[in-house]
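Trainee: Following is a predicted model, sequence given first.
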Amino acid sequence: MHLLSASCVCAFLFTALLHPVSALESVIGLYGETVEIPCNSEGIKAESILITKWKYDKGEGLSGDLLIRNNQNTVITATDEYKDRVRMAENSSLLLSAVKLTDQRTFTCMMVTDVDIREYPINLVVYKPPANLDISDKAKELEIGKLTKLGTCVARDANPAASITWLKNKKPLADDGKGISIKDSVVIDPATGLSTTTSTLEYSAKKEDTKAEFTCSTRDAVGAQIVSSPVTLTITYSTENIALQVISQSPLVEGDNVTLKCVADGNPAPTSFHFHLKGELKKVENRDTYPIINVSRNTTGEYKCSLIDEPSMEATNNITVNYLDINLIPSGSIVKRVGKPLDLTLQIDSSANSKVSWTKDNGKLDKEPKFNQLAYSDSGVYECEVTMGPLSRKASFELVVEGAPVIRQLFTEFGEDGQHNVLTCEAEGSPKPAVSWSINGTLLGESPFVNGKITQKIIVVPATNLTVSCTVSNEFGIDTRDINVFSLIEEVRIDKQDQSEDNDQTKVVVGVVVGLLVATLVIGLAYWVYMKKSKQGSWKTGEKENGSSEEEKKLEEKVEENSQKAEV
């Protein structure tokens, strides 16, 4: 190992004084772990370093050697507790194992180059998080408005001493000198130098703290939060509010069951109550409910419950039992004669307004039926439905209108092939009337008997003109109607005769028109000849012209008359 002479060492020390040390830096080491204390060789070339040495401050101006490196050879020079705990890294850092609190001191790295000597002191701070964080001496319960010790939070064996924060529902609590009081104390172990912090919380509870979670916390060297297990306490307080609940299906109707429940906010909650049932007092113990079975409309009213030991603390609630009754008059099966009136009455007894709807034979009616004068069409099944909210009641009756049958229509028409007649007889009556004809024919069909109506059709092929009767009858009477039916052969002959007469009449009209035209021409010609001769004679004999003028006028009137006839 290369050793320096005394003159060289003095020179190095003198040079060191010429280069003052920069501001002291710190490094944190975890208790019981190995810490690396760096040697700041920034700006120094590795090949120029001759010697690297580590030493520490022993206090009172004294220093102790740890180790030295010369030409890549490292020698531990410590003879005290550090001789087995120190070594030098490749980058000249000091590696100190099993760090203890007594290691909190200044360590200095000294570098000797061919031209200079430099020292780099670094302060070592040893940190140890608390071994655990627990809440002890927990209160069994807290009383509202009374400052009570909630518990003690302990952070053991820490360095530096832990700072404890109390939290409620994860929100920090602060000592306000009234409802919150926090007292901390720190004890240092003389053997290890580690600190134990104790924090006691006194708290005046509120009603909303019933389910609150209380915790205590601290932070480690890197700022991570350490939190204790949560504590939930029982909060005791006297009853301040009471309520009566009505538990039932909705809506409550006759025949249902209902339960009265008395709810008080005290803690512990009351377990015995008085129930006031419309003038009747019922005491219940070790429960808070009272059942009412098979309610009726008489159950409707006001109910109360109260505390046994404090009757003035009471609550009220109302019970409303919904009901809906209907009575339809008449009902069942009703038989009435046609033309008679029928009085219909619907009586409704309900706890609220209701709606009524009617149907006939399952078909909806727009309004309530009225029967001032019964007709066969009024027969059918009538049903009324009365609703009130979800409640519904139904009633019905079947109406049968009876009476003697009446034929409403009897008519005949040609079949589609023109080779037969179709006779149709339409009638009303009830019970269903029987239909008969005075002539044999083929039954074409009979309509269903609905609302007292029936229609029957038959096919006939009469050889001669005849009168056919339709007869309808039931137990109440009979009705008959006749109709004339012509033979198909006779009808064809009459059609042809009608066509011949039409042709003869046309010929007569044409002859008359032609004759009138010829007569008009003849009269006109005669008039022309006469006028010619008349004028010639006057010139010869000297007859008066007056007579000729009168005759001329008469002739013109005659021609005009004939002309008008011809136009007609």
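Mentor: Nice, thanks for sending it over. Just so we're clear, the structure is a prediction, and the values are computed from it rather than from any experiment.
Trainee: Show residues contacting stretch 445-456.
Mentor: 338, 375-380, 401, 424-430, 432-433, 435, 443, 457, 472 (C-beta atoms under 8 Å, 6 or more residues apart in numbering). In this view, the C-beta of every residue, glycine as well, is placed from N, C-alpha and C.
Trainee: which among the residues you listed end up buried?
Mentor: 338, 376, 378-380, 401, 424-430, 433, 435, 457, 472 (16 or more other C-beta atoms under 10 Å).
Trainee: what about the helices in this protein?
Mentor: 6-18, 488-541, 545-567 (DSSP state H).
Trainee: mean pLDDT lowest for which of these?
Mentor: For the helices of the chain, mean pLDDT drops lowest on helix 6-18, to a mean of 32.
Trainee: Could you chop the chain up by domain?
Mentor: Split into domains by automatic domain parsing, the chain comes to 6-127, 133-236, 242-319, 401-489, 501-567.
Trainee: wait, what's in contact with the nearest residue to Val186 once chain neighbours are set aside?
Mentor: Of all residues not flanking Val186 in the chain, Ala161 sits nearest, at 4.5 Å (C-beta to C-beta, 6 or more residues apart in numbering). Residues near Ala161 by C-beta under 8 Å, 6+ apart: 186, 188, 195-197.
Trainee: Tell me which two in the residues you listed are the farthest apart.
Mentor: Ile188 and Thr197 (10.4 Å; C-beta to C-beta).
Trainee: Could you name the helices and strands sitting against the longest strand belonging to the chain?
Mentor: Ranked by number of residues, the top strand in the chain under DSSP state E is strand 391-414. Where contact means 3 or more C-beta pairs under 8 Å, 6 or more residues apart in numbering; DSSP states H and E, strand 391-414 is packed against strand 324-329, strand 332-337, strand 380-388, strand 421-430, strand 466-474, strand 477-485.
Trainee: Give me the mean pLDDT for it.
Mentor: On average, strand 391-414 scores 93.
Trainee: Make residue 1 into 281 and carry on from there
Mentor: Yep, numbering from 281; the last one is strand 671-694 now.
Trainee: Show me which positions of it end up buried.
Mentor: For strand 671-694, by 16+ other C-beta under 10 Å, it's 671, 673, 675, 677, 679, 681-687, 690.
Trainee: Adding distance to Ala595, write those residues out as TSV.
Mentor: Listed next are the buried residues of strand 671-694 as TSV, based on distance: C-beta to C-beta, whole Å:
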residue	distance to Ala595
Leu671	29
Arg673	35
Ala675	42
Phe677	50
Leu679	55
Val681	62
Glu682	65
Gly683	68
Ala684	73
Pro685	74
Val686	74
Ile687	78
Leu690	82
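Trainee: which one among those residues gets closest to Ile628?
Mentor: Arg673 (8.6 Å).
Trainee: The closest one touches Glu665, doesn't it?
Mentor: Yes. In this structure, Arg673 is within contact of Glu665 by C-beta atoms under 8 Å, at 7.4 Å.
Trainee: remind me which residues of the stretch 431-580 of the chain are low pLDDT?
Mentor: Judged against pLDDT under 70, the stretch 431-580 of the chain has no low-scoring part.
Trainee: all strands for it, in order.
Mentor: 445-448, 451-452, 460-468, 475-483, 494-499, 505-507, 514-516, 522-527, 538-544, 553-557, 560-564, 569-572 (DSSP state E, counting those that start in this stretch).
Trainee: Just checking: what are the partner strands of the last one?
Mentor: Within its sheet, strand 569-572 is paired with strand 538-544 (antiparallel), according to DSSP bridges.
Trainee: same check, this time on the third one
Mentor: Within its sheet, strand 460-468 is paired with strand 475-483 (antiparallel), according to DSSP bridges.
Trainee: re earlier: to Pro610, which of the strands of the stretch 431-580 of the chain lies closest?
Mentor: Per C-beta to C-beta, nearest to Pro610 of these: strand 538-544, 37.3 Å.
Trainee: what does the closest one contact?
Mentor: For strand 538-544, using C-beta under 8 Å, 6+ apart, the contacting residues are 519, 521-528, 532, 550, 553, 555, 568-572, 575, 579, 583, 585, 587, 593, 595, 597, 599.
Trainee: quick revisit: quick one, which of the domains of the chain gets closest to Ile609.
Mentor: Per C-beta to C-beta, nearest to Ile609 of the domains of the chain: domain 681-769, 18.3 Å.
Trainee: next one: that closest one to chain centre, how far?
Mentor: 63 Å (C-alpha atoms, centre = their mean, to the nearest Å).
Trainee: ditto for stretch 558-566
Mentor: 42 Å.
Trainee: Repeat that for stretch 644-663.
Mentor: 42 Å.
Trainee: for that stretch, what is the average pLDDT?
Mentor: The model assigns stretch 644-663 a mean pLDDT of 94.
Trainee: Would you mind listing the buried residues in that stretch?
Mentor: 651, 654, 656, 658-660, 662-663.
Trainee: about what we covered before: can you list the strands of the stretch 431-580 of the chain in TSV and add mean neighbour count and distance to Lys733?
Mentor: Output for the strands of the stretch 431-580 of the chain, formatted as TSV (neighbours: other C-beta atoms under 10 Å; distance: least, C-beta to C-beta, whole Å):
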stretch	mean neighbour count	distance to Lys733
strand 445-448	18	88
strand 451-452	8	87
strand 460-468	14	95
strand 475-483	20	92
strand 494-499	20	90
strand 505-507	13	92
strand 514-516	16	84
strand 522-527	16	58
strand 538-544	20	55
strand 553-557	19	63
strand 560-564	11	65
strand 569-572	16	57
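Trainee: Quick one: those strands as a markdown table, columns for distance to Thr744 too.
Mentor: Shown next, in a markdown table, are these (distance: least, C-beta to C-beta, whole Å):
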| stretch | distance to Thr744 |
| --- | --- |
| strand 445-448 | 119 |
| strand 451-452 | 118 |
| strand 460-468 | 126 |
| strand 475-483 | 124 |
| strand 494-499 | 121 |
| strand 505-507 | 122 |
| strand 514-516 | 116 |
| strand 522-527 | 91 |
| strand 538-544 | 88 |
| strand 553-557 | 95 |
| strand 560-564 | 97 |
| strand 569-572 | 90 |
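Trainee: Quick one, which of those gets closest to Asn412.
Mentor: strand 505-507 (8.9 Å).
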